[in-house]
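S.K.: Pasting a predicted model and its sequence here:
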Amino acid sequence: MRLAAALAAVGRGDQAALRQVYDLTAAKLFGICLRICGERASAEDVLQTVYIKVWERAGQFDATRASPITWLATIARNGAIDWRRSVAGRAARDSLPEQAAFAVADEAPRADQSLVAAEEGEQLHRCLDELEARTRACIRSAFFDGSTYAELAEREKVPLGTMKSWIRRGLMRLKDCLGDG
Amino acid sequence: MDDHLTPDQERDALAAELALGLLEGQARADALRQSLSDPAFAALVAAWEAKLAPLHGEWADAEPGAAVWNAIERRLADAPADKVTAIETRLRRWRAGALLSGAVAAALAFVLITRPVPSPVPTSPQLAVARIESDAAGPLVLARYNQTSGLMQLRIHGFEPGALAPELWVIPEGGAPVSLGQIGHAGEAEMTMPPPHRLLMTEGATLAITMEPVSKTPHPAPSSAAVASGKIITI
């Protein structure tokens, strides 16, 4: 796969290969940053940092543990969440209009079969479908919006402890359903 | 409602919460600290990231502005210069003595000389030793810390030059990581620790290094797992 080869070259310090990785993945990773950051300027700053991290860490990428796109998407999502949890991120988010997070998070999956293994996706979705609808929506919002326990509790109008308990139980059920393998 | 969770389940739930990003503030800092100092916990976090990975197929694409790539290219070109500036700025900020550079000897360990913090005059200075290292033949750091003068001397070895800079953290037992700032990829450095940081340099605390974006100020929390860590042990 072109992406795997390009990423391996980045790991060897090839800057032209980083451009290739960028061309192949920037739209996807920017989609992640934009969704979680909520506005373009910050999302673009985070995206820059993400590719700098990719440049630095590509040598540590282990193809036996994750697909290239999963590895990249995880770096992007974690980078965007770091920004959201930072002081600047909190201030910026507070000034945004309330967004219809749940509606977006529950949209029909936009399958990206060429990049993410379909089979695993099927199993995860089957297991998510077994959860209570409300718990599933909260877990999805945490993943796609970077929502915190506090934000989810406020939106659902339940005490923080209740939200924590819903999600923890949901995650443990999810784990059982997926199996430990 | 979580009363029935065993300690193992509790740990796994915390790993899931960190992977999903549900935590904030102190809880997030504590969980990040745990993933830095405890490789088994870090593995649980990675396992949750892998479980949730199929969701990455659902993001809607969006086109970034053309300026983003230009900025990345600039940062790659500027990185080495930036790093030197960042270190020097940080050392000034700490009223540091001097930054020395030079080649480093191969055999390295983390050596700290400390004594109990509150006593103004040292009667029996203690020597503390810890190796800050990774599983593999990765980076190693040698340091000497004199609690009387607050002088910390570092020898740094084995970091690959790149866009990220090694950042040194002290993690008090049961506390959150506190950045001591970014250090060079190789060579020697000296810095005078500010008084609040001296209090953290105690037996049982962990010293860890993560790779972080170059920053002129210490980061509030680590953004990734430690590439090397070790406990401060007084002997």
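M.R.: Noted; the coordinates are in hand. Numbering: from 1, shown residues only, chains lettered A, B, ... in the order given.

S.K.: Residue A:83 contacts residue A:46, correct?
M.R.: Yes. In this structure residue A:83 lies within contact range of residue A:46 using CB atoms under 8 Å: 5.0 Å. C-beta coordinates here come from the backbone N, C-alpha and C atoms, glycine included.

S.K.: so where do the helices sit in chain A?
M.R.: Here chain A has its helices, by DSSP state H, at A:2-11, A:15-37, A:40-57, A:68-85, A:87-94, A:101-105, A:118-129, A:133-145, A:149-156, A:160-178.

S.K.: To residue B:170, which of those lies closest?
M.R.: When those are compared by CB to CB, helix A:68-85 sits nearest residue B:170, at 20.4 Å.

S.K.: Low-confidence stretches in chain B?
M.R.: Along chain B, segments meeting pLDDT under 70 span B:1-3, B:79-130, B:135-137, B:233-235.

S.K.: Can you give the domain ranges for the chain?
M.R.: Going with chain A. The record's domain split for chain A, according to automatic domain parsing, is A:1-96, A:99-181.

S.K.: meant chain B actually
M.R.: Per automatic domain parsing, the structural domains of chain B span B:7-55, B:82-231.

S.K.: With mean pLDDT, mean neighbour count and distance to chain B as added columns, please give the helices of chain A in JSON lines.
M.R.: JSON lines is the format used below for the helices of chain A (pLDDT from 0 to 100; neighbours: other CB atoms under 10 Å in any protein chain shown; distance: least, CB to the nearest CB, whole Å):
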{"stretch": "helix A:2-11", "mean pLDDT": "92", "mean neighbour count": "18", "distance to chain B": "10"}
{"stretch": "helix A:15-37", "mean pLDDT": "95", "mean neighbour count": "21", "distance to chain B": "4"}
{"stretch": "helix A:40-57", "mean pLDDT": "92", "mean neighbour count": "22", "distance to chain B": "4"}
{"stretch": "helix A:68-85", "mean pLDDT": "93", "mean neighbour count": "24", "distance to chain B": "4"}
{"stretch": "helix A:87-94", "mean pLDDT": "66", "mean neighbour count": "13", "distance to chain B": "8"}
{"stretch": "helix A:101-105", "mean pLDDT": "38", "mean neighbour count": "16", "distance to chain B": "9"}
{"stretch": "helix A:118-129", "mean pLDDT": "84", "mean neighbour count": "15", "distance to chain B": "4"}
{"stretch": "helix A:133-145", "mean pLDDT": "95", "mean neighbour count": "20", "distance to chain B": "5"}
{"stretch": "helix A:149-156", "mean pLDDT": "95", "mean neighbour count": "18", "distance to chain B": "5"}
{"stretch": "helix A:160-178", "mean pLDDT": "95", "mean neighbour count": "18", "distance to chain B": "4"}
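
S.K.: Select, out of those helices, the one closest to residue B:37.
M.R.: Proximity to residue B:37 (CB to CB) singles out helix A:68-85 among the helices of chain A, at 18.5 Å.

S.K.: Mean neighbour count for the domains of chain B - can I get that in JSON lines?
M.R.: Formatted as JSON lines, the domains of chain B follow (neighbours: other CB atoms under 10 Å in any protein chain shown):
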{"stretch": "domain B:7-55", "mean neighbour count": "19"}
{"stretch": "domain B:82-231", "mean neighbour count": "18"}
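
S.K.: So which of these is nearest residue A:79?
M.R.: Nearest of the domains of chain B (CB to CB): domain B:82-231, 7.4 Å.

S.K.: picking up where we left off before, now that we have the helices of chain A, can you turn them into CSV and tack on distance to residue B:210?
M.R.: Below are the helices of chain A laid out as CSV (distance: least, CB to CB, whole Å):
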stretch, distance to residue B:210
helix A:2-11, 19
helix A:15-37, 21
helix A:40-57, 11
helix A:68-85, 12
helix A:87-94, 19
helix A:101-105, 31
helix A:118-129, 29
helix A:133-145, 24
helix A:149-156, 25
helix A:160-178, 26
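
S.K.: ok so, going back, common neighbours of residue A:83 and residue A:46, please.
M.R.: Jointly contacting residue A:83 and residue A:46 under the rule CB atoms under 8 Å, 6 or more residues apart in numbering or on different chains are residue A:37.

S.K.: Which residue is the nearest non-sequential neighbour of the most centrally placed residue in chain A?
M.R.: Central residue of chain A (CA atoms, centre = their mean): residue A:77, 4.0 Å from the mean position. Using CB to CB, 6 or more residues apart in numbering or on different chains and skipping residues adjacent in sequence, the residue nearest residue A:77 is residue A:32, 5.4 Å away.

S.K.: Residue 47: what's it in contact with?
M.R.: Here I'm looking at chain A. Each residue near residue A:47 by CB under 8 Å, 6+ apart is listed here: A:26, A:29, A:30, A:33, A:76, B:64, B:68.

S.K.: wait, chain B
M.R.: The contact partners of residue B:47, by CB under 8 Å, 6+ apart, come to residue B:15.

S.K.: Residue B:33 contacts residue B:172, correct?
M.R.: No. If you go by CB under 8 Å, residue B:33 and residue B:172 don't touch, sitting 9.0 Å apart.

S.K.: So what's the gap between stretch A:58-78 and the chain middle?
M.R.: 12 Å (CA atoms, centre = their mean, to the nearest Å).

S.K.: same thing with stretch B:221-235?
M.R.: Centroid displacement of stretch B:221-235 relative to its chain, using CA atoms, centre = their mean, is 6 Å.

S.K.: quick one: is that stretch near chain A?
M.R.: Yes. Using CB under 8 Å from any CB of the partner chain, stretch B:221-235 comes into contact with chain A via B:221, B:223, B:224.
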